[in-house]
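1. Provided below are the primary sequence and the corresponding predicted coordinates.
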Amino acid sequence: MEKENILSGLAALAQETRLDIFRLLVAEGPAGMAAGDVGARLGLPAATLSFHLKELRRARLVTCRRAGRSLIYAADFATMRGLVGYLTENCCRSGCRTPAMTAGPAMAAGKEPEA
């Protein structure tokens, strides 16, 4: 990934509401979720949701497709893997230990893995 794309992705995720939206869409998987359902689950007004989804799309972290009258948003897993891969590759050059890319339940809960 290009540095510009990395910066755009990190900037998009550095905002609490966008991070919540992205986490929800990652949990939903490739099928994604209707925009209205995202807003309902997170308690977001339509205008606020629209603004944040636009920023996530601009950073290429989510995709959007139309299904009838609904807009379905999904996490872009290729971009997510590219972002995590870039950070792992370029931020750990001095031989630091990095956890496995498939984090277990402890990492998902925000806890450090046991040694």
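-> Nice, I can see it.
2. Count the residues that sit near Gln15.
-> Summarising burial for Gln15: neighbours were counted as other Cβ atoms under 10 Å, giving 14. From N, CA and C alone the C-beta is placed, and that goes for glycine too.
3. can I assume Ile72 sits in a strand?
-> Yes. According to DSSP: H, G, I helix; E, B strand; the rest coil, Ile72 belongs to a strand.
4. For Glu4, see how far away the nearest residue to it once chain neighbours are set aside is.
-> Counting by Cβ to Cβ, 6 or more residues apart in numbering, Ile72 lies nearest to Gly32, which is 4.6 Å off, once chain neighbours are set aside. Plainly put, Gly32 is 26 Å away from Glu4 if you go by Cβ to Cβ, to the nearest Å.
5. Looking at these two, which one has more neighbours?
-> Higher neighbour count among Gly32 and Glu4: Gly32, with 20 against 8, using other Cβ under 10 Å.
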